[in-house]
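> Quick one, what's the 3D model for this:
(one chain, ligands or ions: 1)
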Amino acid sequence: MRIFSGIQPTGAKHFGNYSGGFRQYVATQEQGEAFFCVVDLHSITVDYKPQELHEATLDLAAMLFAVGLDPRRSTVFVQSHVSAHAEAAWLLGAVTGFGELRRMTQFKDKSDAQEFVSAGLFTYPILMAGDILLYQTDLVPIGDDQRQHLELARDIGARFNARFGETLKLPRGIYPEAGARIMDLQEPDRKMSTSTGSEMGKVLMVDSPELIKKKLMSAVTDIGREVRRAGDKPGISNLIEIMSVASGEPPDAIEARYDGSGYGRFKADVADAVVEVLTPIRARYLDLRSDPGELHRLLAEGAEKARAASHPTLTSMYERMGFTR
Ligand code: AQP
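Purely as a prediction, here's the structure:
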């Protein structure tokens, strides 16, 4: 069983990334041969600073090991170190429809926020499809916001197979039962996001315990005092999901436990649970980040394994498409 997921080195990672990304990666690495990729080529599709990309790539690599990815079990690597990704994206462009890309809601949302809309922002889902399909992936652990891109990756793979012969495995997404879409703490009707929302709206993986508590205690809640999920209670519903992710307790059990207790105690407990999860990760992260030489070594090892694993698929793609080799 092959597992693949990618994560962008843009800005500081937040609790939404932990919920939809990091913790699922750690859980799935037990299930088979896992590849986790720092997708730096994706990061240049919006305005960015080269020096920050460099540092953010190492930050994210350190975070992937800090959350518990084991380099002996999982292949952790940087996308630009494996040129097959850029090549696959170009080849798959031949079987991706302009209309399909135009329907991507993330493109609509992100392009609205950009002064300069790059062609790369538009074609980004083809690169993502290549990332996944190159590894003959069975499972893709992701958050709900990537659902549409994964469906497109499957469509692109199916079209390639229909046009050039059976070459690419069509992967399945896996989404967490609770916490597939963590919402912004200050604006709970939009997702917690790197590029949007205020600082107080997101708990960062590297926040101090004091700051985590401050952010969660000042999270926007709703009228009333019942701790239960409901359409008209987006703030409390989000905190229940966060509590579930941090404690492992199902949302129903959390509602039952806080029945009649009011928001104050609940928020303080959510903060404690999040601090408990993130504190050891932060300590390991700081430790790993202080040794860039070791990070570079681990990433070089990962890139070599990823090159070997992706090479057969890329070669078949070229051959089936009629290129001379
Ligand atoms: N709010 C979220 N809830 C659950 N999962 C989430 N993910 C992202 N936000 C949430 C999941 O995290 C993984 C990595 O996402 P990414 O590579 O897109 O990283 P990012 O750019 O830092 O994530 P953002 O916050 O989504 O950035 P914006 O909004 O700026 O594009 C993915 O599996 C994703 O589903």
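> Following the helix or strand bottoming out on mean pLDDT in the chain in sequence, what is the next regular element?
For the chain, scoring each helix and strand by mean pLDDT, DSSP states H and E identifies helix 105-112 as the least confident one, at a mean of 92. Under the assignment DSSP states H and E, the closest C-terminal helix or strand after helix 105-112 is helix 119-133.
> just checking, Phe164 touches Tyr318?
No. Taking contacts as C-beta atoms under 8 Å, Phe164 lies outside contact range of Tyr318: 10.3 Å. Where you see a C-beta, it was placed from the backbone N, CA and C, and this is true even at glycine.
> What is the burial count for whatever residue of the stretch 51-200 of the chain ends up closest to the ligand?
The ligand sits closest to Gly143 of the stretch 51-200 of the chain, with a gap of 2.4 Å, by C-beta to the nearest ligand atom. Counted by other C-beta atoms under 10 Å, the residues lying close to Gly143 total 21.
> Dihedrals phi and psi, it?
Main-chain torsions, Gly143, degrees, to the nearest 10: phi -90, psi 170.
> residues contacting the nearest residue to it once chain neighbours are set aside?
Of all residues not flanking Gly143 in the chain, Gly20 sits nearest, at 2.3 Å (C-beta to C-beta, 6 or more residues apart in numbering). Gly20 sits next to 142-146, 175-176, 179-182 when contact means C-beta atoms under 8 Å, 6 or more residues apart in numbering.
> Please identify the buried residues of the longest helix along the chain?
Secondary structure of the chain per DSSP state H: the longest helix is helix 292-320. Neighbour counts over helix 292-320 (16 or more other C-beta atoms under 10 Å) mark 295, 298-299, 302-303, 305-306, 309-310, 313-314, 317, 320 as buried.
> roughly how far is it from the heart of the chain?
Taking C-alpha atoms, centre = their mean, to the nearest Å, the mean C-alpha location of helix 292-320 is offset from the chain mean by 20 Å.
> Now do that helix and helix 119-133, the angle between them.
80 degrees (axes from the mean of the first three to the mean of the last three C-alpha atoms, to 10 degrees).
> by contact count, what packs against helix 292-320?
Where contact means 3 or more C-beta pairs under 8 Å, 6 or more residues apart in numbering; DSSP states H and E, helix 292-320 is packed against strand 33-38, helix 50-66, strand 74-78, helix 84-92, helix 147-164, helix 263-289.
> Any idea which of the ones you listed gets closest to Pro209?
Nearest to Pro209 among those is helix 263-289; the distance by C-beta to C-beta comes to 4.5 Å.
> May I see the buried residues of the closest one?
263, 266-267, 269-275, 277-278, 281-282, 285, 288-289.
> and it, anywhere near the ligand?
No. With C-beta under 6 Å from any ligand atom as the criterion, the ligand is not reached by helix 263-289; the gap is at least 14.0 Å.
> tell me the average confidence for that helix?
Mean pLDDT, computed over helix 263-289, is 97.
> circling back: so the residue nearest to Gly143 versus the ligand, what's the distance?
Per C-beta to the nearest ligand atom, to the nearest Å, Gly20 is found 2 Å from the ligand.
> quick one: secondary structure of that residue?
Under DSSP: H, G, I helix; E, B strand; the rest coil, Gly20 falls in the helix class.
> Now Leu288: closest residue in space, sequence neighbours ignored.
Leu288 sits nearest to Ala62 (C-beta to C-beta, 6+ apart), 4.1 Å away.
> list the contacts for the one you found?
So Ala62 contacts 285, 288-289, 295 (C-beta under 8 Å, 6+ apart).
> Any figure for the gap between the most far-flung residue of the chain relative to its centre and Tyr318?
Distance from the C-alpha centroid of the chain, by C-alpha atoms, centre = their mean, peaks at Thr324 (36.5 Å). Counting by C-beta to C-beta, to the nearest Å, the separation of Thr324 from Tyr318 is 9 Å.
> Val245 now?
Distance, Val245 to Tyr318, by C-beta to C-beta: 42 Å.
> do the same with Lys49
35 Å.
> Just the pLDDT for the residue of the stretch 201-325 of the chain found nearest the ligand.
For the stretch 201-325 of the chain and the ligand, the shortest gap (C-beta to the nearest ligand atom) falls at Lys202, measuring 8.1 Å. What the model reports as pLDDT for Lys202 is 98.
> show me what contacts it?
Under the criterion of C-beta under 8 Å, 6+ apart, the neighbours of Lys202 are 14-16, 184-185, 192-193, 215.
> cool, Ala271 as well?
212-213, 216-217.
> Where does Glu166 sit: helix, strand or coil?
Taken by three-state DSSP, the conformation at Glu166 corresponds to coil.
> Count the neighbours of it for me.
The burial count for Glu166: 10, using other C-beta under 10 Å.
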